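Colleague: A predicted structure for the sequence below; I have some questions about it.
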Amino acid sequence: MATTETAVRVEDKLFQNRYLVDAGRAHIKVRPHTTPSAALKALLTTCPAKCYEMNDKGQVEITADGCVECGTCRIIGEPSGDIEWNYPRGGYGVLFKFG
Ligand code: SF4
C-alpha cells in the first residue's frame, strides 16, 4: 500500500496565524550591544518565525510582530541577559488558527 506524503513548509503554516500587534510595546527586547554574543547570533537561525535579523551595523535586532511565543529565544537568550522576554499584554500577540 502506497503512502502519500505532502510537504508542508513552516512558512505556509505560519501564514495561517494572525497577530494583534501592540504598537510601541514590543514584548521581547534585545539588550543594546555593539558586538552580538554567541547566544544572540544563535537567535538568527533558531527563531522559527525569523523575528531576529542582523542590521547593517552587525547588531542583532528583533521585530516581534510575528512571534509565535514558542519560547526558544527565551531559553537561549534570557539566561545570558541578551534579551528581555515577556508575554504580550492580554489580547495582543499571536492568534493561532487550528485545523
Ligand atoms: S518566542 Fe519563538 S517565535 Fe517568538 S521571537 Fe522567540 S524564538 Fe521567535
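Modeller: Perfect, I can see it now.

Colleague: pLDDT on the helix ranked longest in the chain, on average?
Modeller: Secondary structure of the chain per DSSP state H: the longest helix is helix 38-46. The average pLDDT within helix 38-46 is 98.

Colleague: now do the buried residues in that helix.
Modeller: Applying a neighbour-count criterion of 16 or more other CB atoms under 10 Å, one finds 39-40, 42-43, 46 buried in helix 38-46. (Glycine included, C-beta is placed from N, CA and C.)

Colleague: go on, stretch 69-82?
Modeller: Buried-residue list, stretch 69-82, by 16+ other CB under 10 Å: 69, 73, 76-77, 82.

Colleague: distance between the ends of it?
Modeller: 17 Å (CA to CA, to the nearest Å).

Colleague: who touches it?
Modeller: Contact with stretch 69-82 is made by 28, 30-31, 33, 37, 39-40, 42-43, 46-49, 51-52, 83-85, 87-88, 93-94, as judged by CB atoms under 8 Å, 6 or more residues apart in numbering.

Colleague: returning to that earlier point: just the closest of the buried residues of helix 38-46 to Asn17, please.
Modeller: Thr46 (18.5 Å; CB to CB).

Colleague: what sits against the closest one?
Modeller: 72-73, 76.

Colleague: ok, now Arg9?
Modeller: Contacts of Arg9 by CB under 8 Å, 6+ apart: none found.

Colleague: look up how far the ligand lies from it.
Modeller: Look at Arg9 and the ligand: by CB to the nearest ligand atom, to the nearest Å, they are 16 Å apart.

Colleague: what do you get for Ala26?
Modeller: 10 Å.

Colleague: could you do Val68 as well?
Modeller: Taken as CB to the nearest ligand atom, the span from Val68 to the ligand is 4 Å.

Colleague: surely Gly58 and Thr35 touch.
Modeller: Yes. Applying CB atoms under 8 Å as the test, Gly58 and Thr35 come out as touching, 7.0 Å apart.

Colleague: residues making contact with the helix or strand of the chain with the lowest mean pLDDT?
Modeller: Using mean pLDDT, DSSP states H and E, the weakest-scoring helix or strand in the chain turns out to be helix 10-14, at a mean of 81. Residues outside helix 10-14 that contact it (CB under 8 Å, 6+ apart) are 48-49, 66, 68.
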